[in-house]
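Engineer: predicted structure and sequence below. I'll ask about it afterward.
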Amino acid sequence: MARAFTPKVVTANHLLEGDVIYLTNSGDWTRTLCDAILLTDEADADLRLLEATKQVATVVGAYLADAATGPDGRPAPTHFREEFRRTGPSNYFHGKQAETSNV
Amino acid sequence: MYKYSEFDSAFLAERNRQFRAQVERRIDGSLTEDEFKPLRLMNGVYLQLHAYMLRVAIPYGTLNGAQMDTLAVLADKWDKGYGHFTTRQNIQYNWPKLNDIPDMLDELAKVEMHAIQTSGNTIRNVTADHFAGAAADEIEDPRPIAELIRQWSTDHPEFQFMGRKFKIAVSAGVKDRAVLKAHDLAVRVVRNEAGDVGYQILVGGGLGRTPMIGKVLHDFLPRADLLPYIEAVVSVWNQIGRRDNKYKARIKITVHEHGIDDIRARVDERFALVRPTFDGIDQELFAEIQAHFAAPNFNSKSTEAFDTKYKNDVLFRSWADTNLHEHRADGYAIVTISTKKQGATPGDATADQMRTMAELARNFGHDELRISHEQNVILPHVHKSDLPAVYAALREADLHTANIGLISDIIACPGMDYCALATARSIPVAQQIATRFDELKLEHDIGHLQIKISGCINACGHHHVAHIGILGLDRAGVENYQITLGGDATWNAAIGERAGPGFAYDEIVPAIERLVQGYLNLRDNSDETFIDAYRRLGLAPFKAYLYPEAQANAA
């Protein structure tokens, strides 16, 4: 039996900066996970990924990452890899954690 | 040191021009990522977890002050003020932007450096003994052959799209400091009974998911046969190596599947065809290269300043005892600068620290620096009378940690803090182990002990050949760390033995502490190192310290 679909966000790296970006409801990209759209329908998620992948001049390596609804009602990571992508490295205060107060 | 010829400079300028155009075409959308990726990889550009990463080659780990200064410029101008020295004697920048990378490469070209073939399915940057040219135990400086191999392999038309990467190491010491047996191909400079210098060739070593110890393919190759023989080896593997499965594509699997005798026969057959195509130009070039590596004019002066300082300054003495190695010239020492201050990221140096090291090399070290696969920086030629001044300058730059070969001199790959392939973090584990044993003040009592940490099965952190190896994995969505014991990175190379079930992120440091306390209890005397005790006793008694609960349950 196929595994039940779990909620996802579309994420990628930005072509120029190389940093982590997420797809928003309007089809734009955001640098903060909590502004991403959480996709709960598999067909919708697949379609949005397909469209994201076509944006070759903006994004690199788009994929669907597992996410959940956080305590604030916005998307939050479920795996530690996505948690690091959302914040930055643990040895220096660099990356997203340093660039935005709203991770 | 090698100085570029007009040809080298022109080649590099052209290559950088091509890459700049490729980046432009990627940005304007004429190239897709699938088209661009192999091109960027051949020029050392990765896309990692948080940003692009530029891996710059430091061929055979050798650089001069001006080159180190340029590495500092790159760190300041296009990165976040630091760089990371790797286990392949390269430096990585973790935060460049794609459209800045062509400028970074042009800046590097000004000091005869590049990022070519630091990635991709090519012959990678050649590594060497980091004490090359300075070690007391070496037959000759192995760097001229490393440079010869670099020139031959750079942009070699037959070897640009191979089934997988190919890593070569060279060494000429009695001791192996270049982990020869963990390379696809290794060249060991040897002398035969007649007193002639030649090369022993090893093949089929490697770490990663299927660790293998390299095997001797040829016992004694005459000088003039070196390049055609290596070409024959790579060519045979390029033909018969597996391309159906990326995990079985490295030459270690080819050697394992065909057997060393079959590979030798194929190489001999291929060599017979290749050898006549080398008409001696390579040997003329080799002679020119050798002249570039002429030893510096060593000074002969009194070492009294060193002797006095050594006698009177306990901190200096502690540093000298751990961080100096025997030099082949009288009155000289090899200085290893630790980039592993307890709690710091192994292999990281700030731009200011790079400038300090460059300045020290110019003032006291015949303008030479080396990067070791252990991620430290070396001043290979320092007269002992200058050591007090060198030490004082290192203290100023916070580069005076006296821990070479000790438990906090940890090799760690970038792990999941940076690497897109990683399955767990490495750096914070290294930081915490080093900090913990510093607090316990046990480091010098423990003595020589190598801990090496990889954040995934690809083993960039060399965990298989560590006395204590740590491998970070993702177990059901949680970081988990497996311990291997008894690995060895020297000429007695050995793959460590897995100790048992892994440990969670917050359990790994206490586990290492129990293990090391166990060693202190088990050793015969304070001269018996961890690896010696392990060889004498085997896994079982160490396991009892690692898994006390299992022990209690069994009792």
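Structural biologist: Arrived safely, thanks for sending.
Engineer: around chain B, which positions in chain A sit nearby?
Structural biologist: Taking C-beta under 8 Å from any C-beta of the partner chain, the part of chain A that reaches chain B is made up of A:13, A:15-20, A:56-57, A:60-61, A:78-81, A:84-85, A:88-92, A:94-96. Glycine gets a C-beta too; all of them are placed from N, C-alpha and C.
Engineer: now, which of these lie within strands?
Structural biologist: A:13, A:20, A:60-61 (DSSP state E).
Engineer: what about the host helix or strand of residue B:84, average pLDDT?
Structural biologist: Using DSSP states H and E, residue B:84 maps to strand B:82-85. Confidence over strand B:82-85, taken as the mean pLDDT, stands at 98.
Engineer: only whichever of the residues of chain A next to chain B are buried, select them in PyMOL.
Structural biologist: A single PyMOL command suffices to select whichever of the residues of chain A next to chain B are buried according to 16 or more other C-beta atoms under 10 Å in any protein chain shown:
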select buried, chain A and resi 13+15+16+17+18+19+20+56+60+80+81+84+85+88+89+91+92+94+95+96
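Engineer: the residue of the stretch 101-250 of chain B found nearest chain A: neighbour count?
Structural biologist: In the stretch 101-250 of chain B, the residue that lies nearest chain A is residue B:101 (10.0 Å; C-beta to the nearest C-beta). The burial count assigned to residue B:101 is 22, neighbours taken as other C-beta atoms under 10 Å in any protein chain shown.
Engineer: over to residue B:62?
Structural biologist: 24.
Engineer: which residues does it form a beta bridge with?
Structural biologist: residue B:370 (DSSP bridges).
Engineer: check which helix or strand covers residue B:373.
Structural biologist: Once you assign secondary structure using DSSP H and E, residue B:373 falls outside every helix and strand.
Engineer: ok, now which ones touch the residue nearest to it when sequence neighbours are not counted?
Structural biologist: Taking C-beta to C-beta, 6 or more residues apart in numbering or on different chains, and ignoring the residues beside it in sequence, residue B:373 has residue B:87 as its nearest neighbour in space, at 4.9 Å. By C-beta atoms under 8 Å, 6 or more residues apart in numbering or on different chains, the residues touching residue B:87 are B:373-375, B:411, B:413, B:460-462.
Engineer: give me that answer again for 6 Å
Structural biologist: The contact partners of residue B:87, by C-beta atoms under 6 Å, 6 or more residues apart in numbering or on different chains, come to B:373, B:411, B:460, B:462.
Engineer: try residue A:31
Structural biologist: Going by C-beta under 6 Å, 6+ apart, residue A:31 touches residue A:21.
Engineer: now it: how far from residue B:298?
Structural biologist: 55 Å (C-beta to C-beta, to the nearest Å).
Engineer: buried set for the helix ranked longest in chain B?
Structural biologist: The helix spanning the most residues in chain B, taking DSSP state H as the definition, is helix B:6-27. Going by neighbour count (16+ other C-beta under 10 Å), the buried part of helix B:6-27 is B:8, B:11-12, B:15-16, B:19-20, B:22-23, B:26.
Engineer: do stretch B:504-514 as well
Structural biologist: B:505, B:508-509, B:511-514.
Engineer: do the same with stretch B:306-319
Structural biologist: Of the residues in stretch B:306-319, those buried under the neighbour-count criterion (16+ other C-beta under 10 Å) are B:306, B:309-310, B:316, B:319.
Engineer: of these, which is the nearest to chain A?
Structural biologist: Nearest to chain A among the buried residues of stretch B:306-319, counting by C-beta to the nearest C-beta, is residue B:319 at 24.9 Å.
Engineer: before we move on, back to that, just send the ones in strands among the residues of chain A next to chain B back as TSV, with pLDDT too.
Structural biologist: Compiled in TSV, these are given as follows (pLDDT from 0 to 100):
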residue	pLDDT
A:13	98
A:20	98
A:60	96
A:61	96
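Engineer: what does the stretch 1-150 of chain B put close to chain A?
Structural biologist: By the criterion of C-beta under 6 Å from any C-beta of the partner chain, the positions of the stretch 1-150 of chain B lying close to chain A are B:29, B:32-33, B:47, B:49-52, B:80, B:97-99.
Engineer: which among the residues you listed end up buried?
Structural biologist: Burial by neighbour count, judged by 16+ other C-beta under 10 Å, picks out B:33, B:47, B:49-52, B:80, B:97-98 from those.
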